[in-house]
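**Student:** okay, here's the prediction I keep looking at, along with the sequence it came from:
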Amino acid sequence: MPTNVLTWMIFLPLVGAIVVLCLPRNAANLIRGTATFFTIPPLIMAVWLYQHFDRATSDMQFVTKIPWIPSFNIQYFIGVDGISITMVLLTALLSFICIIASFGIEKAMKAYFALFLLLDAAMMGVFCALDFFLFFVFWEVMLLPMYFLIGIWGGPRREYAAIKFFLYTMVGSVLMLVAMLALYFYAEPHTFDLLELASRSGSYSTGFQRIAWIGLFIGFAIKIPAFPFHTWLPDAHVEAPTAISVILAGVLLKMGTYGILRINYPILPAATLDFAFYLLIALGTWNIVYGALCAMAQTDFKKLIAYSSISHMGYVMFGMATMTSEGINGAVLQMFNHGTVTAMLFLLVGVIYDRAHHREINGFGGLAGIMPFYTGWTALAFFAAMGLPGLSAFISEVLVLLGGWRSYPALTIVSASAVVLTAGYMLWTMQRIYLGKANEKYVGLPDINGREIFTLVPLGIIVVVLGVYPRPVLDLINASLVHLNQVVAGKAQVALATAGNMVP
Amino acid sequence: MSIGLHHFLFVSLLVFLCGLFTVLTRRNAIGVLMGVELILNSANINYIAFSRYGGGGYDGQVFSVFVIMLAAAEAAIGLAIVLGIYRQFETIDVEATDTLRG
Amino acid sequence: MYAALFYFIAGLTVIGALGVALSTNVVYSAMSLLAALVGASGLYVFLAADFVAVVQILVYVGGILILTLFAILLTHQIAEIQVSNRSVGRLPALGLVVLLGLAMGAAILRAPWHVEPLAAATPTTYGIGDSFLNQYLLPFELASVVLLTALVGAIVLSRKELRE
Amino acid sequence: MSDPIAVGYLRWIILAPLIGAAINGLLGTRIQKAAGKNAIAAIAIVPVLISFVLALNAFRQLLSLPADHRFLLDSVSRWIHVGHLRVDMAFWVDPLSAVMILVVTGIGGLIHLYSVGYMHEEPSFWRFFAYLNLFMAAMLTLVLGDSLLTLFVGWEGVGLCSYALIGFWYKEWANASAAAKAFLVNRVGDFGFIVGMFALFWGLDQTGQGTLVVREIAQRAHLLDGQLLWGIALPTFITMALFVGATGKSAQIPLYVWLPDAMAGPTPVSALIHAATMVTAGVYMIGRLNFLFSMAPATLHVIATIGVLTAFFAATIGVAQYDIKKVLAYSTVSQLGFMFIAMGVGAYSAGIFHLFTHAFFKACLFLGSGSVIHALHHEQDMRHMGGLRKYMPVTFSTFFVSTLAIAGMPPFAGFFSKDEILWQAFASPHGHWWIWLVGTITAGITAFYMFRQVFMVFFGEYRGAHGGHHDDAHGSHGAHHGHAVHHPHESPGIMTTPLIVLAAGAVLVGFLNVPGGLGGSHRFETWLAPVLEPAHEAPVHEPHGLVKKVEHAAEETLEHAEHDPLEYLLMVISVLVAGGGILLAWLMYVRGKIDPSFFSDAWAGVPYRTIFNKYYVDEIYEAVFVNGALGLSKMLAAFDRVIVDGIVNGVATLTRLVSQADGAFDKYVVDGIVNGVGAVTMWVGARARAVQTGHIYSYLYAIVIGFVVIMFARLL
């Protein structure tokens, strides 16, 4: 069990998906039971992984390497290190929570849970894959169930949203494919192995690095989503059912930034340094400010949270680009924190959507009196999203901005100013929905029920505990990120020096 | 001048042409059959001529006997069919019996 | 004299054939067919194929011709033997036949026929009979089968239809 | 700062109220239902008492230590160790924070007690005390935090609690927006604080010693000298940014707008948060980082100027207010202005002392006004009050004593602390005569509006309840038809005892820091000396020897040997000015000799209306910042929807058009060909059928023709 725990975590949900498909169509509870049953072991393994993860070293752990397609030198090469460990844990946790949260789904349950488990397997795969080809396969596999989950179980304009989501990501993955193949053929004994490509990063010419970097970056930027490519996110969120929004915001957005950290940084260090300022920092800052301002103007609750995700992911991009160990640590911590906080926000939106069947912020009012317990939870989530000290998001925001100050003080001030904007739209939303005179239309609304609380409790605990004592996560990621930072800074010089004479 | 192979070939050719002409132009089924008989005979003439002038083997003649025998069988069947048609169509006019057209 | 006899018999055969082709009345053509067959038998005699000549007369004239006559009579109510076999569009057929004749005539003239010196005319019946039962035994037996089938076929075809 | 003495109990000062808040917060409804409101009150007050006792213990332990070793540290665990950033979860007490925790726990405890009475008939009683305890915990974290980051956690924590408490009665929309306004304006201040903190950290990190722990900063502060950030001296940039944070938290121009609106919260909240503790956080922070501020004279000057302007500005507004709590709110802003004057002129200990005394009498004033409001069933407009001294003797006496203190009358605390500030404003090297002048004028105005309030509320006839017209004419001619049915009654014991204690404090506390000129020995100042004036002391035992220290400031503060005669003169002037103010108020509101309308109609009432409407500052902010941000966000959202989505949808429609064209082409051309082939075949088929005529002879023709053609082809 110890070494191939990752393989188990990837393929168990897949088996689950198949088992769910074989169940009789109308055995509702049986389907829900089996689906949950297949997400619990990965969660237990995740906890086991957390305990047995070696925090001192920065190299890959729990590695499995089996030749898969020898003729093209493609291996089934999976492993986990500081960068991906938090994401694996987050995926395991959020999948479990989302399965519980999707007990409200009535339409074609078997298909829903099967697709969801398939999605879960693919996500886990993306985070563990260390062979570029395997990474790309999982990346594509993840797309399909997502398209159907939004397209079939979504809201009124679901087809539009699903297609838009699918096409956007497809365009991205096409560019990624091109860059992947370029890297594959450029390497002497053609290989897809990321570590191998990284070790050879000195030998690429700057021109080649730049083009490959841009190709990969656009592919990943669409997923983050970075500014020009972000319009799919609000639509996808508004139309997706609650559980899918949670997974979409909780895990899928992180794949973009994770991809950049896993592929762009180690393999193309010289280009990373060039583009860190022009592209990443500028886009990061713009994402933060733009997301916050757009969120302020939204009337749909879910769209508001979608834009707030854009703003928070802006922090991740900002942190990554600072090239300081504080900045990068902050970025990866923010990826984790944003996962938990936004998951809570979407679950909470789900709660009132199930009751009032609409998400118009101005349509509510004074819910605090009607649903006090629910309002308590929302307050916790809102203040976490605002980055209030004592809650997890504050630590990562401070680290990111602290990291950013040394190299880009002006942009750090602009990004820090967004703290006020975030507080602005969050409080304003809080006020319009929860405070003020009780809206007579919803006086009878039942307060939050057991199942919904059960999904919120783990996330709430994480958000509070990590706020007071962030070491459990920081220690996990510190070693690898410090190493990554040195690698990128170090290699970049070497690449620049030797690249001069190498023609792509 | 002595009678050579050519003479017999020419006779058989002429008989063959008449037979052919009969078959092509006769509207009466039986006339057509008669034409066929003529063609078969021209063939026999050739057989025998070659048998005679070609080294005296009996093969030619054996063949011609077979031809005659088969001609008999063919005539019997042909006429039976003609009678069948006659009974069916009350006529044995070749023009009329074209139901098997494309 | 020998040549003259040949020409006479050959002429008889050809005229018979022409009669069959050209005569307006079926019966006449039957009669001219008779002439042609007899002429042919004569030619066989010329070619020292005595057995075949006799067979020709017996089978062809005695059998097939009589059979044809029967057919003619059966299919024509005696009363209306009138225009019966006006044939269709003779001219193109004639043209075609002439063309064919030229083609084959040229072939006959040009072909380097392998001609052996004529051996003496000997009675051939024994030779034919012998080859029937040795060299051509299988075709001989098959011939009997064919004839039997023809016999049965003819009977089946021409029996009164059972009115279902 | 020598090596600290490790202790273990400091963390409990914070944890006790935190646990209290947790219990009340999570189980409050059940406890209140089961054991009633007193149980809730007990759960809330006991932890505060524990903290108070521990604070006293820490104070006692510090007293036993020699002067410059007074320093207790309680390091709990590593908090964030990432890259150069080394921040631990550690709490420390030194003379300055000792004073602060005593104030917070002491006055906090009294206010907890008072709230039990004041909030008695409030249904969500448990929620109030949960927030109050949470606030105590946050304020104590702010004060005890040993690194700027822990201080910041407390800093925003108190912001959150003030949001929760101001918006306590969230049913009214006004309260909720007041709360949001408070939090947002604080957040703007926090933004400044963060920027200052980062600049400080990276400034030190440039020299390889980046840290956020306050005592390490003190040792390495000199390394910041000479560094520039965008052409501004780094220390100045840092201190300016930190000062922005301070103005946000301590309600100075331009970020003071939230305090008056914060009165929407229950009165004990105003007393605790908006008088005694939270608003003083800014002053404390400057005091804590005084070595930094001493390195940036430009910032000090700015602080002093803003301080005096805020004081004067708020005092003028206070004059025209009719809401009893609004007057006190503006007086708080004004008194805070005085503290910032002290900080601005480098007299840090004077500032802290004024903070100390102000906590006492301002809390007393607020609680007094609370008991008045409580008695009049939430009536807050002074024009409906009057003559309450007959009905509420205790509240009146404590209120009157505190008003004397705030006005700066000699025996009371306010005199000593405010006079010290005015003297420092004049004498200190960073001070300037006009600061003293405006300060003294403000002191006069303060005396006037405070006594105006006293006379309107406690003197004259009761203009209570729903009678009486609303002009501000003095009550004498108010012939009310039908007196209020009920007469206001004195507040219950639990509310008056804290009042008495605080009033006593307002009287006695002043003697802690009697200036040399009056025979005193500045005991308070000497107590704070090691923390607050390292810059002034001779650099004898400072290992690193300050490069640029304030030379002439050193000799005048400590050695008061020759009492500068000027000091006496200024004292007398300030007392006279205060007396004048009181007299004016007395004439206007008790004797009615001077008709207040005389002032209000001066120059066509324009100045009065502007004061009354708070110089329209709120409206300006609303228009400029709030609507500006909203407008910008609407514009950007529209841009996002129209342009970016427009492009995306444009591409989509383009693709659809291309696909339609492609579809048409496919249908008509390619399909056309296919059908064409079909048709041709059919046509040929039909022709070919004719060949099968059914006549045997035509077949024979075909054979013969074929044969002939072959023969001739062969021959030719």
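**Tutor:** Cool, got the structure.

**Student:** ok, D:Ala311 to D:Ala443 distance?
**Tutor:** 9 Å (CB to CB, to the nearest Å). Bear in mind the C-beta positions are built from the backbone N, C-alpha and C, glycine included.

**Student:** any idea how far C:Ala93 is from chain B?
**Tutor:** Going from C:Ala93 to chain B by CB to the nearest CB, to the nearest Å gives 4 Å.

**Student:** residue contacts, the nearest residue to A:Ala226 once chain neighbours are set aside?
**Tutor:** Closest residue to A:Ala226 apart from its sequence neighbours, by CB to CB, 6 or more residues apart in numbering or on different chains: A:Leu283 at 5.0 Å. Neighbouring residues of A:Leu283 by CB atoms under 8 Å, 6 or more residues apart in numbering or on different chains: A:Ala221, A:Ala226, A:Phe227, A:Gly314, A:Met317.

**Student:** helix or strand: which one has A:Leu283?
**Tutor:** Under DSSP states H and E, the secondary-structure element containing A:Leu283 is helix A:282-296.

**Student:** same deal with D:Ala90?
**Tutor:** Following DSSP H and E, one finds D:Ala90 within strand D:85-93.

**Student:** for that strand, buried residues please.
**Tutor:** D:Leu85, D:Arg86, D:Val87, D:Asp88, D:Met89, D:Ala90, D:Phe91, D:Trp92, D:Val93 (16 or more other CB atoms under 10 Å in any protein chain shown).

**Student:** what's that strand packed up against?
**Tutor:** helix D:10-64, strand D:72-82, helix D:125-144, helix D:148-166 (3 or more CB pairs under 8 Å, 6 or more residues apart in numbering or on different chains; DSSP states H and E).

**Student:** return the helix or strand in chain A with minimum mean pLDDT.
**Tutor:** Across the helices and strands of chain A, mean confidence by mean pLDDT, DSSP states H and E is lowest for helix A:471-499: a mean of 76.

**Student:** out of the helices and strands packed on strand D:85-93, flag the one nearest D:Ala529.
**Tutor:** D:Ala529 sits nearest to helix D:10-64 of all the helices and strands packed on strand D:85-93, at 13.1 Å, using CB to CB.

**Student:** count residues in the vicinity of residue 33, would you?
**Tutor:** Reading this off chain A. If you count neighbours by other CB atoms under 10 Å in any protein chain shown, A:Gly33 ends up with 13.

**Student:** my question was about chain B, not that one.
**Tutor:** Neighbours of B:Leu33 under the rule other CB under 10 Å: 23.

**Student:** what sits closest to it if chain neighbours are left out?
**Tutor:** B:Gly78 (4.8 Å).

**Student:** please verify my assumption that the one you found contacts B:Val36.
**Tutor:** Yes. Here B:Gly78 reaches B:Val36: they are 7.4 Å apart, a contact under CB atoms under 8 Å.

**Student:** between these two, who's got more neighbours?
**Tutor:** A direct count of neighbours by other CB under 10 Å for B:Gly78 and B:Val36 places B:Gly78 higher, at 23 against 18.

**Student:** rewinding a little: deepest of the helices and strands packed on strand D:85-93, which one?
**Tutor:** helix D:125-144 (a mean of 27; mean count of other CB atoms under 10 Å in any protein chain shown).

**Student:** extract the CA atoms of it and return them as PDB.
**Tutor:** Output in PDB follows, covering the C-alpha atoms of helix D:125-144 (Å, rounded to 0.1, in the frame of the first residue of the first chain):
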ATOM      1  CA  PHE D 125     -28.000  39.200  25.200                       C
ATOM      2  CA  TRP D 126     -25.600  36.300  24.700                       C
ATOM      3  CA  ARG D 127     -24.500  37.500  21.300                       C
ATOM      4  CA  PHE D 128     -23.600  40.900  22.700                       C
ATOM      5  CA  PHE D 129     -21.400  39.500  25.400                       C
ATOM      6  CA  ALA D 130     -19.800  37.000  23.000                       C
ATOM      7  CA  TYR D 131     -18.800  39.900  20.700                       C
ATOM      8  CA  LEU D 132     -17.600  42.000  23.800                       C
ATOM      9  CA  ASN D 133     -15.400  39.100  25.000                       C
ATOM     10  CA  LEU D 134     -14.100  38.600  21.500                       C
ATOM     11  CA  PHE D 135     -13.200  42.300  21.300                       C
ATOM     12  CA  MET D 136     -11.300  42.100  24.600                       C
ATOM     13  CA  ALA D 137      -9.300  39.100  23.200                       C
ATOM     14  CA  ALA D 138      -8.600  41.000  20.000                       C
ATOM     15  CA  MET D 139      -7.600  44.200  21.800                       C
ATOM     16  CA  LEU D 140      -5.300  42.300  24.200                       C
ATOM     17  CA  THR D 141      -3.700  40.500  21.200                       C
ATOM     18  CA  LEU D 142      -3.000  43.900  19.700                       C
ATOM     19  CA  VAL D 143      -1.500  45.200  22.800                       C
ATOM     20  CA  LEU D 144       0.500  42.100  23.800                       C
END
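
**Student:** rounded mean pLDDT for that helix, please.
**Tutor:** Confidence over helix D:125-144, taken as the mean pLDDT, stands at 91.

**Student:** between strand D:72-82 and that helix, find me the angle.
**Tutor:** Using axes from the mean of the first three to the mean of the last three CA atoms, to 10 degrees, one finds that helix D:125-144 and strand D:72-82 are set 90 degrees apart in direction.

**Student:** got the contact list for the residue nearest to the spatial centre of chain C?
**Tutor:** Geometric centre of chain C, nearest residue: C:Leu37, 5.6 Å, by CA atoms, centre = their mean. Residues in contact with C:Leu37 (CB under 8 Å, 6+ apart) are B:Glu37, B:Asn41, C:Gly16, C:Gln56, C:Ile57, C:Tyr60, C:Val61, C:Leu65.

**Student:** for the first one, report the pLDDT, please.
**Tutor:** Which is B:Glu37. 90.

**Student:** tally of neighbours for it?
**Tutor:** For B:Glu37, the tally of surrounding residues (other CB under 10 Å) stands at 23.

**Student:** repeat for the fourth one
**Tutor:** Per other CB under 10 Å, the neighbour tally for C:Gln56 reads 26.

**Student:** quick one: contacts of the strand holding D:Ala90?
**Tutor:** A:326, A:399, A:402, A:469, D:4, D:10-11, D:13-14, D:58, D:62, D:71-81, D:101, D:141, D:144-147, D:149-150, D:201, D:210-213, D:215.

**Student:** again, but for stretch A:179-187
**Tutor:** Identification of contacts with stretch A:179-187 by CB under 8 Å, 6+ apart yields A:132-133, A:136, A:190-192, A:196-197, A:200, A:204, A:208, A:211-212, A:215-216, A:219, A:267, A:504.
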